[in-house]
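> Here is a sequence with its predicted model. Questions after.
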Amino acid sequence: NAGVTQTPKFQVLKTGQSMTLQCAQDMNHEYMSWYRQDPGMGLRLIHYSVGAGITDQGEVPNGYNVSRSTTEDFPLRLLSAAPSQTSVYFCASRSTGENIQYFGAGTRLSVL
Amino acid sequence: KQEVTQIPAALSVPEGENLVLNCSFTDSAIYNLQWFRQDPGKGLTSLLLIQSSQREQTSGRLNASLDKSSGRSTLYIAASQPGDSATYLCAVRGGNYGQNFVFGPGTRLSVLP
């Protein structure tokens, strides 16, 4: 069972570079979301999607873009990386009929 | 705005002790509350989920309670083991965040052999 798969696991960027964090789930979940986790803080919601073609902003959306062209994939794009975006990023999914969220293993991003 | 806090931030206990982790939230209009475990360098694993209409949930040595009116939840771990060492996070869904979860900062637990 693959569950929620995130790639890459680690990434180092220079300020101003762009990149896409990939997230895929094979559970046919409608709801997907992206969080960032910083030391001493809980996970903070960046963007979320309730289904293909539908996305919305979370608590900390600035500097990030998302799209949801398929049910399975929910990529997160950093258009111009900044040191403040150094963090661990988690993707999660759940069925709208369920309450339990399933998390990926995370992407550890450093922006120099 | 929903805010979630967890006390203590870190806890170290000898093996075999029973322990309680605390979670507080400011908006009592929640849909449910979920406790997660996070091992170093790993993602989150769901431990227990309590619906707003429930008072507690149990799974093995874990028991989670919910007092919605006071905005509190506790996670009780019986007969702790070194394998329980991890960070425990609580998250609430509902209130101003609707269908999204708001997370606490976590409690880092170390169980010493």
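Cool, the structure landed.
> helices and strands of chain A: which one has the lowest mean pLDDT?
The weakest-scoring helix or strand in chain A, judged by mean pLDDT, DSSP states H and E, is strand A:102-103 (a mean of 91).
> Packing partners of the helix or strand following it?
Remark: after strand A:102-103, the chain's next helix or strand is strand A:107-111, criterion DSSP states H and E. Here strand A:107-111 touches strand A:10-13, strand A:87-94, going by 3 or more CB pairs under 8 Å, 6 or more residues apart in numbering or on different chains; DSSP states H and E. (Each C-beta comes from the backbone N, C-alpha and C, glycine too.)
> Show the contacting residues for the residue of chain B found nearest chain A.
Minimum separation of chain B from chain A (CB to the nearest CB) falls at residue B:103, amounting to 3.4 Å. Residues counted as contacts of residue B:103 (CB atoms under 8 Å, 6 or more residues apart in numbering or on different chains) are A:35, A:42-44, B:4, B:89-91.
> cutoff 7 Å now
Residues in contact with residue B:103, defined by CB atoms under 7 Å, 6 or more residues apart in numbering or on different chains, are A:42-43, B:4, B:89, B:91.
> which of these lies closest to residue B:42?
residue B:89 (12.3 Å; CB to CB).
> Low-confidence stretches in the chain?
Going with chain A. Applying pLDDT under 70 to chain A flags the ranges A:1.
> my bad, chain B
If you take pLDDT under 70 as the line, chain B has these spans: B:95-98.
> Output the set of residues of it in proximity to chain A.
Contact residues, chain B versus chain A (CB under 7 Å from any CB of the partner chain): B:4, B:32, B:42-44, B:46, B:49, B:89, B:100-101, B:103-106.
> give the contact list for the residue of chain A found nearest chain B.
As assessed by CB to the nearest CB, chain B sits closest to residue A:42 within chain A, at 3.4 Å. Contacts for residue A:42 (CB under 7 Å, 6+ apart) come out as B:4, B:89, B:103-106.
> for residue B:75, same thing?
B:21, B:35, B:62, B:64, B:88.
> which residues in the chain form strands?
Looking at chain A here, since you left the chain open. Under the criterion DSSP state E, chain A contains strands at A:4-7, A:10-13, A:19-25, A:31-37, A:43-51, A:54-57, A:64-66, A:76-78, A:87-94, A:102-103, A:107-111.
> sorry, should have said chain B
B:4-7, B:10-14, B:19-25, B:30-38, B:44-51, B:56-59, B:62-67, B:72-77, B:86-94, B:101-103, B:107-112.
> I'd like to know which of those is closest to residue A:16.
Among these, strand B:101-103 sits nearest to residue A:16 (CB to CB), with 30.0 Å.
> Adjacent strands (with direction) for that closest one?
With DSSP bridges as the test, strand B:101-103 is paired with strand B:86-94 (antiparallel).
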